[in-house]
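K.L.:
Would you be able to build a 3D model of this:
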Amino acid sequence: MKREYMIQGTLTAVGAYLSSRLGILFPVLCLLLGMMVLDYVSGMLASKKEALDHPGDTSYGWSSKKGAKGIIKKLGYMCAIAVAMVVDYVIMMVAVKFGWQVPIKVFFGLAVTVWYLLNELLSIIENVGRMGADVPIWLQNYIAVLRDKIDTDHTVSDGK
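P.N.:
As a prediction, this is how the structure comes out:
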């Protein structure tokens, strides 16, 4: 059997398994990962464009320090999503032990993932603007409103 078929078969099997275990969270996580890559690339391109616009000014342009910080931040996103998924799992296990019916299995994981996805989309829009492209302000505002809606709908009360 060709090596390419083995790789494709393995990736398909892993994707099918993850999809069956994570449900709706799987495609949203895939979207987030794709947008993380696009955000990183668009950020590098925007930095390059700014460096071309400001030759000789070292405060503009791409730097490995900025790039490393961006990657670390994105890894932090994944850690926060993992914690939210563990919270979902614990809630499900406790619900099963008590015989409670829980209508949704991935509430916190999905909410956190969607919030980070919206953050990535806003960052991409900002990067596109830094590259000099016209960005419809309504698009940026719409994404920001969606992200803020998640924030305000899921804030923890401090009891006051």
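K.L.:
The lowest-mean-pLDDT helix or strand in the chain: how far from the chain's middle?
P.N.:
Least confident helix or strand, the chain: helix 137-153 with a mean of 81, by mean pLDDT, DSSP states H and E. Centroid separation between helix 137-153 and its chain, computed with C-alpha atoms, centre = their mean, to the nearest Å, is 15 Å.
K.L.:
How about stretch 23-40?
P.N.:
For stretch 23-40, the distance to the chain centre is 6 Å (C-alpha atoms, centre = their mean).
K.L.:
what's the answer for stretch 126-142, then?
P.N.:
19 Å.
K.L.:
how about the helix ranked longest in the chain: buried residues?
P.N.:
As assigned by DSSP state H, the longest helix anywhere in the chain is helix 64-98. For helix 64-98, the neighbour count (16 or more other C-beta atoms under 10 Å) marks 70, 74, 77, 81, 84-85, 88, 91-92 as buried. Bear in mind the C-beta positions are built from the backbone N, C-alpha and C, glycine included.
K.L.:
Could you list every helix and strand in contact with the least confident helix or strand of the chain?
P.N.:
helix 107-130 (3 or more C-beta pairs under 8 Å, 6 or more residues apart in numbering; DSSP states H and E).
K.L.:
With just CA atoms, put the helix it packs on into CSV.
P.N.:
In CSV, the C-alpha atoms belonging to helix 107-130 read as follows (Å, rounded to 0.1, in the frame of the first residue of the first chain):
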residue,chain,number,x,y,z
PHE,A,107,-21.3,24.0,26.5
PHE,A,108,-18.1,25.6,28.1
GLY,A,109,-15.7,24.1,25.5
LEU,A,110,-17.9,25.4,22.7
ALA,A,111,-18.4,28.9,24.2
VAL,A,112,-14.6,29.4,24.9
THR,A,113,-13.7,28.1,21.4
VAL,A,114,-16.2,30.4,19.7
TRP,A,115,-15.0,33.3,21.7
TYR,A,116,-11.4,32.7,20.7
LEU,A,117,-12.5,32.2,17.1
LEU,A,118,-14.2,35.6,17.1
ASN,A,119,-10.9,37.1,18.6
GLU,A,120,-9.0,35.5,15.7
LEU,A,121,-11.4,36.9,13.1
LEU,A,122,-11.1,40.4,14.6
SER,A,123,-7.3,40.1,14.6
ILE,A,124,-7.3,39.0,10.9
ILE,A,125,-9.6,42.0,10.0
GLU,A,126,-7.1,44.3,11.9
ASN,A,127,-4.2,42.8,10.0
VAL,A,128,-5.9,43.2,6.7
GLY,A,129,-6.4,46.9,7.5
ARG,A,130,-2.8,47.2,8.5
